[in-house]
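Participant: no sequence on this one, just coordinates:
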């Protein structure tokens, strides 16, 4: 119960800050601009869908990372952590609550942006609400946001908030856009002692955001993933988030407040 | 009850101030606070009062020595179930209203939802802030934030209160209200440990005092035992600390 | 300065850029050489973005597959030396990558080909000197049946790059297809005049200039 109450605090903070509404206004402006762009004699639905989808996805990441980074850091800096930790809760309750709150707030922001995307799709007459691939992409993005929040909070417990944002976004961009090519490089590495094995271990430990990136499948109409694979990947996202949160809780356990 | 409300045995807290430098904030501190009494925790700046309180609340983990709250080790979160803490610095989430803040505190303390509304009202009334329940904390003055801090310490009806500088920033009327509140709480059977630089306030409400200096406990006992007739706690404080009285001939 | 003011300033700046970039193409440029407002604001990074946009057109043509053909397979195709030792879970990751990414080599067809066009438009907006984007964009406008836009597009490219023979060559070929022989001859002669042997394709393009020029002249002559 304590963790839930802490999570609710995080959501309230995000809603009361102005950033979300500024970003939402920008996305609405972008979507409106796409609608009226004179590109060719007929609509270019994929292009508009691609641009707005990428914008929504990237902006939601851009909102989530700083939001997560300041959860514990600002509590410690402003001493508001005392009011919470003087209550009968374990320290891992607090870390879990802050992570869940940051993730929930990020998902709420993303859902708002996603709604704008849906409206744009409907007006363009492109794939609408019935495209299961679109909803799979939504679910995957939610999982990616949860993972990103967990990773950022982990980094924030052992470094500064700005460092946490930088590292977590670097990881996100590297794996989301470079994951498959990193695998190819490791596969083609010769057996140079332990170098290949070390690279592989590091690769395994990385958060595999590339599996949660379905935007191109949706844009190009490749159809939804098989249900079994979809569930497997979601389970991976959940498991990774829990693992990283547990690490963060371990780090926070002995910290002097 | 056999076990005291608060018990500290040979507590030692060391801070790292450099690569090989350490500062001894608390050195072998031992004291007890019995149920139902008000104990004033006094000492000059840097005496170690706040560090001792932090160790009691497990903000400082694994110090040397032992701390018990309500009979349980301070490292056990359940020990804090019956504890209300008011921090020295009144920083609270500024984006919340007082009502939301108190509701959150009650929820984190494990209070069932059906009881929170009444508890919030009651806590706000006790500190005289019921007219400001729907105001955001960002609009509060320093004194109002102190009162809000006291309210959050009371919202879950704790048996033990640990208050760090509760009078700081309060006007005379608010101080009087706080003194009255402390007396009322004692009448309800609460146990209170509070630190303060306002020795006059401590003299009015506390049963016993704990005097710390440079991490060590210099004196613990009843105020009447340490204050000479015709004198006051401030003079006794300075005497115990070995400072010269400014008006001595 | 309060954080709210900073946020509003940032939002205002971004909105201004978006609005300006939407409005400016609708206005006649003071001179064909005036760079776009995006180029003025973002500078050299637009070249990278233009190249990305140009490559995205190819990705779109292949419906999301990033390389022509199958995605990278595991090390060791038939006939190649023995691959490195397989590490634990490598097969699983390879399978996951294979199943989550589109892999069948196919092209967009029919009306779907119009999906490429915005990328060429974006590429030349970002880098008006991206000759391949002008050329390919004009080709795909023609292929999707928008002849007028095709001519407009390549002409715009020529205005911004008046000394590149390749654009004159492509417009000459376009006019040839549209049976505008005089225009075709004019452009092909300009292409021949400006031709430089500065790439691997240059000799072949010179030959193409001659072939199309000869054919246009022959068709122009009254029978």
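Facilitator: Everything's here; your move. The model shown is predicted, which means the values in this text are computed figures rather than measured ones.

Participant: rest of the way, CA atoms for contacts and neighbours
Facilitator: Noted.

Participant: what mean pLDDT does the helix or strand where residue B:54 lies have?
Facilitator: When secondary structure is defined using DSSP states H and E, the element that contains residue B:54 is helix B:49-56. Taken as a whole, helix B:49-56 has an average pLDDT of 92.

Participant: Same question for stretch B:92-100.
Facilitator: Per-residue pLDDT over stretch B:92-100 has a mean of 87.

Participant: roughly how far is the helix holding residue B:54 from the heart of the chain?
Facilitator: In terms of C-alpha atoms, centre = their mean, to the nearest Å, the centre of helix B:49-56 is found 10 Å from the chain centre.

Participant: One more: stretch C:181-192?
Facilitator: Between the centre of stretch C:181-192 and the centre of its chain there are 23 Å (C-alpha atoms, centre = their mean).

Participant: same thing with stretch C:165-173?
Facilitator: Averaged over its C-alpha atoms, stretch C:165-173 has a centre that lies 15 Å from its chain's centre (C-alpha atoms, centre = their mean).

Participant: which residues are contacting that stretch?
Facilitator: Contact with stretch C:165-173 is made by C:131, C:134-135, C:151, C:154-155, C:157-158, C:183-188, C:190-196, C:205, C:209, C:212, as judged by C-alpha atoms under 8 Å, 6 or more residues apart in numbering or on different chains.

Participant: returning to what we had before: counting by contacts, list what the helix holding residue B:54 packs against.
Facilitator: Using 3 or more C-alpha pairs under 8 Å, 6 or more residues apart in numbering or on different chains; DSSP states H and E as the contact test, the elements touching helix B:49-56 are strand B:6-16, strand B:22-33, strand B:64-69.

Participant: ok, the most centrally placed residue in chain C - contacts?
Facilitator: Most central in chain C under C-alpha atoms, centre = their mean is residue C:133, positioned 2.6 Å from the mean C-alpha point. Contacts for residue C:133 were tallied using C-alpha under 8 Å, 6+ apart; they are C:54, C:120, C:123-124.

Participant: And what about the closest residue to chain C within chain B, helix, strand or coil?
Facilitator: When C-alpha to the nearest C-alpha is the measure, chain B has its nearest residue to chain C at residue B:95, with 14.3 Å between them. Local secondary structure at residue B:95 is given as coil here, using DSSP: H, G, I helix; E, B strand; the rest coil.

Participant: Wait, it touches residue B:137, no?
Facilitator: Yes - contact between residue B:95 and residue B:137 holds when scored by C-alpha atoms under 8 Å: they sit 6.7 Å apart.

Participant: which among the contacts of residue C:133 end up buried?
Facilitator: Among the contacts of residue C:133, those that count as buried by neighbour count (16 or more other C-alpha atoms under 10 Å in any protein chain shown) are C:54, C:120, C:123-124.

Participant: Among those, which are located in helices?
Facilitator: Assigned to helices by DSSP state H, the following of these qualify: C:54, C:120, C:123-124.

Participant: and which of these is nearest to residue B:118?
Facilitator: Comparing these against residue B:118 with C-alpha to C-alpha picks out residue C:123 as the nearest, at 64.1 Å.

Participant: Now the closest one. Nearest residue, chain neighbours left out?
Facilitator: Nearest in space to residue C:123, with sequence neighbours left out and distances taken as C-alpha to C-alpha, 6 or more residues apart in numbering or on different chains, is residue C:50 at 4.2 Å.

Participant: now swap in residue B:153 and tell me
Facilitator: Spatial nearest neighbour of residue B:153, chain neighbours left out: residue B:84 (4.3 Å); criterion: C-alpha to C-alpha, 6+ apart.

Participant: Give me the most central residue, chain B.
Facilitator: Ranked by distance to the mean C-alpha position of chain B (C-alpha atoms, centre = their mean), the top residue is residue B:163 at 1.8 Å.

Participant: Give me the secondary structure label for that residue.
Facilitator: Here residue B:163 is recorded as strand under three-state DSSP.

Participant: Spit out the contact partners of the residue of chain B closest to chain C.
Facilitator: Residue B:95 makes contact with A:13, A:16, B:136-138 under the criterion C-alpha under 8 Å, 6+ apart.

Participant: Check what pLDDT the residue nearest to residue C:195 when sequence neighbours are not counted gets.
Facilitator: Closest residue to residue C:195 apart from its sequence neighbours, by C-alpha to C-alpha, 6+ apart: residue C:165 at 5.4 Å. Among the per-residue scores, residue C:165 shows a pLDDT of 95.

Participant: now do residue C:79
Facilitator: According to the predicted model, the pLDDT of residue C:79 comes to 39.

Participant: In terms of secondary structure, what does the worst-scoring helix or strand of chain A on mean pLDDT contact?
Facilitator: When the helices and strands of chain A are compared on mean pLDDT, DSSP states H and E, helix A:19-36 comes out lowest with a mean of 74. Here helix A:19-36 is seen to pack against helix A:45-78, helix A:91-124, helix C:3-23 when contacts are counted using 3+ C-alpha pairs under 8 Å, 6+ apart.

Participant: Return the set of buried residues in the first one.
Facilitator: What it means is helix A:45-78. Of the residues in helix A:45-78, those buried by neighbour count under the rule 16+ other C-alpha under 10 Å are A:45-50, A:52-53, A:55-57, A:59-61, A:63-73, A:75.

Participant: Is there contact, residue-wise, from stretch A:104-118 to chain C?
Facilitator: No - applying C-alpha under 8 Å from any C-alpha of the partner chain, one finds that stretch A:104-118 is not in contact with chain C, the shortest distance being 16.0 Å.

Participant: quick revisit: any idea how far the residue nearest to the centre of chain B is from residue A:219?
Facilitator: When distances are taken as C-alpha to C-alpha, to the nearest Å, residue B:163 and residue A:219 turn out to be 59 Å apart.

Participant: what does residue A:131 give?
Facilitator: Using C-alpha to C-alpha, we find residue A:131 at a distance of 11 Å from residue A:219.

Participant: For these two, work out which one has more neighbours and name it.
Facilitator: The neighbour comparison of residue A:131 against residue A:219 (other C-alpha atoms under 10 Å in any protein chain shown) goes to residue A:219, with 24 against 14.

Participant: Hmm, residue A:46 and that one touching each other?
Facilitator: Yes - if you go by C-alpha under 8 Å, residue A:219 and residue A:46 touch, sitting 5.6 Å apart.

Participant: How many neighbouring residues does the residue nearest to residue C:56 when sequence neighbours are not counted have?
Facilitator: Across the structure, with C-alpha to C-alpha, 6+ apart as the measure, the residue nearest residue C:56 apart from its sequence neighbours is residue C:119 (6.7 Å). Residue C:119 sits with 24 neighbouring residues when counted by other C-alpha under 10 Å.

Participant: what sits against residue C:119?
Facilitator: Contact partners of residue C:119, counting by C-alpha under 8 Å, 6+ apart, are A:47, C:53-54, C:56-57.

Participant: Of all pairs in those residues, which one is the farthest apart?
Facilitator: Greatest spatial distance in these: A:47 and C:54, 12.9 Å, computed using C-alpha to C-alpha.

Participant: For the closest residue to residue B:214 other than its chain neighbours, list the residues it contacts.
Facilitator: Of all residues beyond its chain neighbours, the one nearest residue B:214 is residue B:47 (4.6 Å), with distances taken as C-alpha to C-alpha, 6+ apart. When the contact criterion is C-alpha under 8 Å, 6+ apart, the partners of residue B:47 are B:25-26, B:212-216.

Participant: any idea how far the residue of chain B found nearest chain A is from residue A:234?
Facilitator: Of all residues in chain B, residue B:108 sits closest to chain A, with a separation of 3.9 Å (C-alpha to the nearest C-alpha). As for residue B:108, its distance to residue A:234 is 30 Å (criterion: C-alpha to C-alpha).

Participant: quick one: which of these two has more around it?
Facilitator: Set side by side, residue B:108 and residue A:234 show unequal neighbour counts under other C-alpha under 10 Å, the larger going to residue B:108 at 26 against 20.
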